[in-house]
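S.K.: Predicted structure and sequence below. I'll ask about it afterward.
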Amino acid sequence: MRRPHLRPAWVGAALAVTAVTAVASAGLVAPERRVVAAGPVLGVGHDDAWSPATPDRSLEPVVLRTVQLAGGVDRADGTRCPADRLVLSWTDPGPGWRSGGFIAPLGPAPTLSTAAVNGIVLCAGNHHAYVGFDAMRTEDGWDVELVPDPFGGVAEEPGTNVPDTTPVTKPVRAGFQGRARGPAIEGYARYQGQTSCDPAAKKGTLALRDLLLTRYPSTTSLGISRPCAIGGRSEHKEGRAFDWGTDLRDSRDRAAAADFLARLLATDAHGNRHALARRMGLMYVIWDHKIWSAYRADAGWRAYSGSSPHTDHVHLSLSWAGALGQTSFWSGDVVEGFAAAPTGGGAAGSAFSAATTRTPSSGSTRPRPAATSGTTTSRSGTTTSTTTTRRSSPSPSPTSSPRPSPSPTSGSPVLEPIEDAILDPLFPGG
């Protein structure tokens, strides 16, 4: 059957890459894209005959361009893999890699009927590192997000993170409502990978650490900052990631992780889904072979494979607004500019959905290795007793266009605030 009016997919891919490049250079993040079912879109080299099983070659240039913009794939000699050596793969890379993470299941290679797919990018002839990605077809073309590997390249390095020596500042009330008041709320943070090296712990990251260690005294800090010369790209090198020491073998730690993660992704009393994650400015979290991403929130918990299984700690990465303490949990002011709805379909997973209102028994507190020193000089803005809306001050990484908050999903756990606002000396005026 002839389809004379269909636009070749490579045109959409090229436009999408051009748009992403232009938006990134302007210091913005493209707004969220609506995921659509795959339809009769022609790829490079296709004639007018369309079949659901026809290979879709439009994804490859988008993925390769995204990987290159993010810094490429490292080789064993420390150089970047040449563009003409980058290859897509849809199968498990196997053991022996220095760094790389992916979302399971991988593949199969996309066809014209594929709506979403996971894959990796390798450097041909080099068994050192790879970069994972997930791709979803939207009305504007493919939406590609890279898969983080925050532990990449550090397994053999001594002293992965800087010892955590900054004293824990105990909040007056270790509650989970924070300073936010009313239904106004941030949208979802897009992925903002490391682009610079400033490992000093940011105040929002420190406040998150303090809240978790106070609320769950059996747990420890495995650090915030990481030296620039150790391992691959990681938000630890920008002071906006926290490794929360929770040992999967310890029943108290398992209960602590389950309790916090359930609260993090719960629907609040105003019907806001994933409310605490959004108010804290959380970007993604990895725990026990699984990852939850704000930019793929509707996909729920996804199977994750990386350099670390994350069974001795929960990795928490914050957006720049969250790390600087600008989001409403910390400041009381709603930061505009986040995507109102995440890209991605599917119901939330059930891996860590059992919410409880009981804090795990503290028991004995294990010795806490310490965390980073240093604070940011950025200011969080004025804190008020009622939630207001403001734009964040310029930061090294950006957000996307604001839109109205999404409606809640039926079946999501709803947790009422159990305590008053957290009052932290790091954020005076509460």
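M.R.: Done, it's in. Numbering: from 1, shown residues only.
S.K.: where do the strands sit along this protein?
M.R.: Taking DSSP state E as the test, the strands found in the chain are 86-89, 102-103, 116-123, 126-138, 141-147, 220-221, 241-245, 282-287, 290-293, 302-305, 313-318, 333-336, 388-391.
S.K.: now these as TSV including distance to Asp74, mean neighbour count and mean pLDDT?
M.R.: (Each C-beta comes from the backbone N, C-alpha and C, glycine too.) Below are the strands of the chain laid out as TSV (distance: least, CB to CB, whole Å; neighbours: other CB atoms under 10 Å; pLDDT from 0 to 100):
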stretch	distance to Asp74	mean neighbour count	mean pLDDT
strand 86-89	12	17	98
strand 102-103	16	24	98
strand 116-123	8	23	98
strand 126-138	5	22	96
strand 141-147	14	23	96
strand 220-221	28	25	95
strand 241-245	19	26	95
strand 282-287	20	26	97
strand 290-293	21	24	98
strand 302-305	18	20	97
strand 313-318	20	26	96
strand 333-336	33	23	92
strand 388-391	36	15	44
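S.K.: How many residues are close by Arg181?
M.R.: 15 (other CB atoms under 10 Å).
S.K.: Please look at it and Gly332 and confirm they touch.
M.R.: Yes: using CB atoms under 8 Å, Arg181 is in contact with Gly332, at 6.9 Å.
S.K.: on that earlier part again, got CSV for the strands of the chain, with distance to Gly232 too?
M.R.: Compiled in CSV, the strands of the chain are given as follows (distance: least, CB to CB, whole Å):
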stretch, distance to Gly232
strand 86-89, 16
strand 102-103, 15
strand 116-123, 13
strand 126-138, 7
strand 141-147, 12
strand 220-221, 22
strand 241-245, 13
strand 282-287, 15
strand 290-293, 17
strand 302-305, 16
strand 313-318, 14
strand 333-336, 29
strand 388-391, 32
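S.K.: isn't Phe59 right up against Leu112?
M.R.: Quick fix: residue 59 reads Leu, not Phe. No: using CB under 8 Å as the test, Leu59 is too far from Leu112 to be in contact (10.7 Å).
S.K.: Could you pull up the residues touching Leu318?
M.R.: Contacts for Leu318 (CB atoms under 8 Å, 6 or more residues apart in numbering) come out as 202, 204-205, 208, 235, 240-242, 280-283.
S.K.: Can you tell me the closest non-neighbouring residue to Gly306?
M.R.: Counting by CB to CB, 6 or more residues apart in numbering, Gly306 lies nearest to Gly101, which is 3.2 Å off, once chain neighbours are set aside.
S.K.: What is the neighbour count of that neighbour?
M.R.: Counted with other CB under 10 Å, Gly101 comes out at 23.
S.K.: List the contacts of it.
M.R.: Residues near Gly101 by CB under 8 Å, 6+ apart: 132, 147-149, 152, 304-307.
S.K.: try 6 Å
M.R.: Neighbouring residues of Gly101 by CB atoms under 6 Å, 6 or more residues apart in numbering: 132, 147, 149, 306.
S.K.: I'd like to know how many residues surround the last one.
M.R.: Right, Gly306. 23.
S.K.: Could you number the chain from 50 rather than 1 from now on?
M.R.: All set: I'll call the first residue 50, so the last point we hit is now Gly355.
S.K.: isn't it right next to Asp198, touching?
M.R.: Yes: counting by CB atoms under 6 Å, Gly355 touches Asp198, with 4.6 Å between them.
S.K.: ok, so what distance separates Tyr344 from Arg264?
M.R.: Look at Tyr344 and Arg264: by CB to CB, to the nearest Å, they are 26 Å apart.
S.K.: Looking at those two, which one has more neighbours?
M.R.: Shown here are Tyr344 and Arg264; by other CB under 10 Å, Tyr344 has more neighbours (24 against 21).
S.K.: Spatially nearest residue to that one (excluding sequence neighbours)?
M.R.: Nearest residue to Tyr344, sequence neighbours excluded (CB to CB, 6+ apart): Arg239, at 4.8 Å.
S.K.: The one you found reaches Ser342, doesn't it?
M.R.: No: using CB under 6 Å, Arg239 is not in contact with Ser342, being 9.5 Å away.
S.K.: circling back to that earlier point, nearest to Gly374 among the contacts of Leu367?
M.R.: Gly253 (3.8 Å; CB to CB).
S.K.: What about the closest one, how many residues nearby?
M.R.: The burial count for Gly253: 31, using other CB under 10 Å.
S.K.: List phi and psi for the nearest residue to it once chain neighbours are set aside.
M.R.: Sequence neighbours aside, Gly374 is the residue nearest to Gly253 in space, at 3.8 Å (criterion: CB to CB, 6+ apart). Dihedral pair for Gly374: phi 70, psi 30, per degrees, to the nearest 10.
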